[in-house]
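> fold the following for me, if possible:
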Amino acid sequence: MKYRLYAGALVAIMAIAGSVQAQSLVYVSNADSGTVTGYQLDKSQKTLIPIGTFPAGDKVMSSVVSPDKKMLYVSVRSKPYHVVAYRIQPDGKLEKTGQSPLPGSMAYLSTDKQGHFLLSASYGNDLFSINRIDSDGQVEAKPVQVVHTGKRAHAIQVDPSNHYLFVTLLGADQLLQFHFDPTTGKVTPNTPSFINIQSEAATGPRHFVFAPKVDGQGKRNMYILTEMAGNITRLTLNKNGTATPVENVNSVSPKEDMQRGEARPLTGDDDLPPSAKPRIWQADIHITPDGRYLYSTERTSSTLSSFSVDPNDGHLTYLSSIKTEQQPRGFAIDNSGRFLIESGQKSTQLSLYSIDGSTGALTLLGRYPTGKGGNWVSLVEK
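So this is what the prediction gives:
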């Protein structure tokens, strides 16, 4: 009898531990409110549960979770430009542990695969920076390296091997290619040092993702969303850490009557003269963990588009587009590939969607209050 009671208690403890370990946390940057809002993603109930609102700073935008899932870093794009470091508590609340200066207004943050370096790219200052992260998760103030680029550096990431680094230049229609030293954090130009990303002038390469695994031909695919051209460029990665463009796939809903976009001035997103038709203005791109479906957002039409990915060669096939939060900028997909969370810069709500594993179709599960200017979503799976 005692043994049975002990065994039952042990099972209960293990169940509780399992539920804690499986915790999924969502953090949204709200530029206009200057806050980060936190939620728990309850996958069994298919809902978001608010955790709290945490001060960050005016124009808080890009965020990234450390690979060990202990820290959240957010970029503040108001002067003085800096990154805020939060320690993620067991209950999902954020504890600010420090902030460090950055050499520009950083539009994109990422880390290397080991979490030893913070990588940041500046759209307004035409540069990227690499800063060491110390053993306590704090970003060191003095950069390891600052690299001045061509016009409008936008996104920065290392490849899955952690030995190569890529940066998109929205204003130059280029992808910069570097060798990355994971020990020192320094980069050196690859050969060639850049490739052109354009089927025609002014495409605006913006955010990009890597396929989670190689395709049926043994190649790793990379997908770059173009801000102004309304397409996604598929590239394959070569053994020497360079990329080769393969094809462009239209990514704007054919139901939208839109014209080619223009690069936005630094004075503000909406400071463009009137046009005959709405301008294409794509924002974010993500792929499911199993590599079967890819999604992208277009801000002018407030649409979220879906694509299937051919497992043999990585080719994208457009599936559909749905209306979503107003001026969608950032979204995230959970590690099961069953949920997508999306924010809108001109909305004060967050949309939670389910992803149909057999079709890739999105179904709205609910909308949840968030701050003003929601623009970036980071997801922590513990």
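> so what's the residue count around residue 280?
For residue 280, the number of neighbouring residues by other CB atoms under 10 Å comes to 24. For glycine as for every other residue, the C-beta is placed from the backbone atoms N, C-alpha and C.
> my guess is it contacts residue 228, does it?
Yes. Applying CB atoms under 8 Å, one finds residue 280 in contact with residue 228, separated by 5.9 Å.
> list residues touching both of those two?
The contact sets of residue 280 and residue 228 overlap at 260-261 (CB atoms under 8 Å, 6 or more residues apart in numbering).
> and stretch 242-249, which residues are buried?
242-243, 245, 248 (16 or more other CB atoms under 10 Å).
> what about it, distance to the chain center?
20 Å (CA atoms, centre = their mean, to the nearest Å).
> starting from the helix or strand where residue 249 lies, tell me which strands it pairs with and how they run.
Using DSSP states H and E, residue 249 sits in strand 243-250. With DSSP bridges as the test, strand 243-250 is paired with strand 231-237 (antiparallel).
> quick check: mean pLDDT across the strand it pairs with?
What strand 231-237 shows for mean pLDDT is 97.
> now the buried residues of stretch 242-249 as JSON lines including distance to residue 69 and pLDDT?
Shown next, in JSON lines, are these (distance: CB to CB, whole Å; pLDDT from 0 to 100):
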{"residue": "242", "distance to residue 69": "31", "pLDDT": "98"}
{"residue": "243", "distance to residue 69": "29", "pLDDT": "98"}
{"residue": "245", "distance to residue 69": "34", "pLDDT": "97"}
{"residue": "248", "distance to residue 69": "35", "pLDDT": "96"}
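> and these as JSON lines, adding distance to residue 263?
Shown next, in JSON lines, are these (distance: CB to CB, whole Å):
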{"residue": "242", "distance to residue 263": "26"}
{"residue": "243", "distance to residue 263": "22"}
{"residue": "245", "distance to residue 263": "20"}
{"residue": "248", "distance to residue 263": "19"}
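> and these, which two are furthest apart?
242 and 248 (18.7 Å; CB to CB).
> share the number of residues neighbouring residue 151, please.
Residue 151: 13 neighbours (other CB under 10 Å).
> scratch that, residue 271
Residue 271: 9 neighbours (other CB under 10 Å).
> surely it and residue 263 touch.
No. Using CB under 8 Å, residue 271 makes no contact with residue 263, being 11.3 Å away.
> now the helices for this protein?
Secondary structure of the chain (DSSP state H): helices located at 2-21.
> flag the shaky bits of it, pLDDT-wise.
Counting by pLDDT under 70, the ranges of the chain that qualify are 1-21, 199, 267.
> for residue 132, see how far away residue 283 is.
Separation of residue 283 from residue 132 (CB to CB, to the nearest Å): 30 Å.
> scratch that, residue 186
When residue 186 is compared with residue 132 (using CB to CB), they lie 11 Å apart.
> what sits in contact with each of the two?
residue 144.
> comparing residue 283 and residue 132, which shows the higher neighbour count?
residue 283 (20 against 16).
> now for the more buried one: which residues touch it?
Neighbouring residues of residue 283 by CB under 8 Å, 6+ apart: 206-207, 225, 227, 296-299, 328-330.
> mind doing that once more with 6 Å?
Applying CB atoms under 6 Å, 6 or more residues apart in numbering to residue 283 gives the contacts 297, 299, 329.
> hmm, residue 285 and the first one touching each other?
To tie it back to what came earlier, the one meant is residue 297. No. With contact defined as CB atoms under 6 Å, residue 297 does not reach residue 285; the gap is 7.9 Å.
> which one's more surrounded, these two?
residue 297 (29 against 23).
> excluding chain neighbours, what is closest to residue 29?
residue 376 (4.0 Å; CB to CB, 6 or more residues apart in numbering).
> tell me how many other residues crowd the residue nearest to residue 46 when sequence neighbours are not counted.
In space, and not counting its chain neighbours, residue 46 is closest to residue 365: 5.1 Å by CB to CB, 6+ apart. For residue 365, the neighbour count with other CB under 10 Å is 17.
> could you measure from residue 365 over to residue 323?
16 Å.
> so what's residue 309 bridging to?
Taking DSSP bridges as the rule, residue 309 bridges to residue 316.
> can you give me every residue that contacts it?
Listed by CB under 6 Å, 6+ apart, the contact set of residue 309 reads 291-292, 294.
> pretty sure residue 127 is touching residue 151, no?
No. The criterion here is CB under 6 Å, and residue 127 misses it with residue 151 at 11.0 Å.
> distance of the residue nearest to residue 29 from residue 184?
Counting by CB to CB, the gap from residue 376 to residue 184 is 29 Å.
> what does residue 31 give?
Taken as CB to CB, the span from residue 31 to residue 184 is 33 Å.
> comparing the two, which shows the higher neighbour count?
Higher neighbour count among residue 31 and residue 184: residue 31, with 23 against 13, using other CB under 10 Å.
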